[in-house]
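Chemist: let's see this in three dimensions:
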Amino acid sequence: MKVLIFGLPGSGKTYLAQELKNLFSDRAEWINADAVRTEHNDWDFSKEGRERQNKRMQTLADQAVKNSKIAICDFICPLEIGREAFNADFEIFMDTIKKGRFDDTNRLFQRPDYSTYDCTIPNYAVKTKRNDVDAKIIAAQIEEMIKST
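Modeler: So this is what the prediction gives:
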């Protein structure tokens with residue numbers, strides 16, 4: 001099961017991913033985009049750099065799934081084509097802010113027409129642990145999907 005948590009920088013992706021990882025414990029592998037960029041020392045946000053990062057995240061998620069883990073991936077994933085290529089089983093759009101801290105990402109980001117779960121809690125509430133409730137709801141939905149496959 002591949003779970004994609006995407007949205008603008010500062011929308012609460014990492015916080016929610018961490019909560020889901022805690023709920024699934026050793027059944028899940030958390031793949032954080034900043035950690036992956038750090039590991040590869042690749043902070044290139046050009047079109048090519050973003051495509052390279054998307055491919056890295058996809059490869060790591062696919063490997064986790066092959067190892068019978070739930071792959072919990074949090075990254076901006078700004079383009080619809082990148083989200084389609086990632087091919088998540090469960091998508092969570094962090095629609096908690098309208099504008100991130102990077103103008104180039106704001107201009108580039110394509111809001112989705114559809115995701116499995118839209119988290120629309122305002123950013124200030126994300127910081128006060130409101131996402132704990134969402135994490136439990138999402139975890140239950142993921143469990144149902146796993147059972148049905």
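Chemist: mind checking the SS state of Ala71?
Modeler: strand (DSSP: H, G, I helix; E, B strand; the rest coil).
Chemist: give the contact list for it.
Modeler: 1-3, 28-29, 31, 60-62, 64-65 (CB atoms under 8 Å, 6 or more residues apart in numbering). Using the backbone N, CA and C atoms, a C-beta is placed for each residue, glycine as well.
Chemist: what about the residues you listed, which are in strands?
Modeler: In this view, the contacts of Ala71 that belong to strands under DSSP state E are 2-3, 28-29, 31.
Chemist: could I get those as JSON lines with neighbour count and distance to Arg111?
Modeler: Shown next, in JSON lines, are the ones in strands among the contacts of Ala71 (neighbours: other CB atoms under 10 Å; distance: CB to CB, whole Å):
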{"residue": "Lys2", "neighbour count": "21", "distance to Arg111": "21"}
{"residue": "Val3", "neighbour count": "28", "distance to Arg111": "19"}
{"residue": "Ala28", "neighbour count": "21", "distance to Arg111": "27"}
{"residue": "Glu29", "neighbour count": "18", "distance to Arg111": "28"}
{"residue": "Ile31", "neighbour count": "26", "distance to Arg111": "23"}
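Chemist: return the member of those nearest to Lys21.
Modeler: Lys21 lies nearest to Ala28 out of those, by CB to CB, at 5.3 Å.
Chemist: now the closest one, which residues is it bridged with?
Modeler: Ala28 forms beta bridges with Ile70, as assigned by DSSP bridges.
Chemist: Lys69 is in contact with that one, correct?
Modeler: Yes: with contact defined as CB atoms under 8 Å, Ala28 and Lys69 form a contacting pair (5.9 Å).
Chemist: hang on, isn't Leu23 packed against Ala140?
Modeler: No: Leu23 is beyond contact range of Ala140, at 9.4 Å (criterion: CB under 8 Å).
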